[in-house]
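1. Sharing a model that was predicted from the sequence below.
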Amino acid sequence: MSRSLKKGPYVDPKILKKIGKLKSGDKTVIKTWSRACTIAPEMIGFTFGVHNGKEHISVFITEDMVGHKLGEFSPTRKFIRHGGKMQREQEKK
């Protein structure tokens, strides 16, 4: 279920404050634990270190990402392949 239009998207105020201090071309990674934060147009061009529960994953924000959540680009689960002997034989080829 999406958020009410009356309320607007959730953007963490701490992140906006950090963005205000930095210049657009700055290569500094902004660490955040706020995975629920919606990506706003002001964030384009910055690199965020989004926490996945274990470490911070670097995410460079582009125009295509606006409107999505930061957590969408930092997976929390590691995929361990399916299969067994047959799968390993196919990977060798």
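-> Received it, and whenever you're ready, just let me know what you need.

2. Just say helix, strand or coil for residue 31.
-> strand (DSSP: H, G, I helix; E, B strand; the rest coil).

3. any chance you could map the helices in the chain?
-> 13-21, 85-92 (DSSP state H).

4. what's the most buried one of those?
-> Of all these, helix 13-21 carries the top mean neighbour count, a mean of 13, counting by mean count of other CB atoms under 10 Å. C-betas here are computed from N, CA, C, even on glycine.

5. any idea of the mean pLDDT for that one?
-> Helix 13-21 shows a mean pLDDT of 92.

6. ok, residues contacting it?
-> Contacts to helix 13-21, defined as CB atoms under 8 Å, 6 or more residues apart in numbering, come from residues 30, 32, 34, 37, 40, 42-43, 46, 48.

7. still on that earlier bit, can you lay out the helices of the chain as CSV showing distance to residue 79?
-> Listed next are these as CSV, based on distance: least, CB to CB, whole Å:
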stretch, distance to residue 79
helix 13-21, 28
helix 85-92, 13
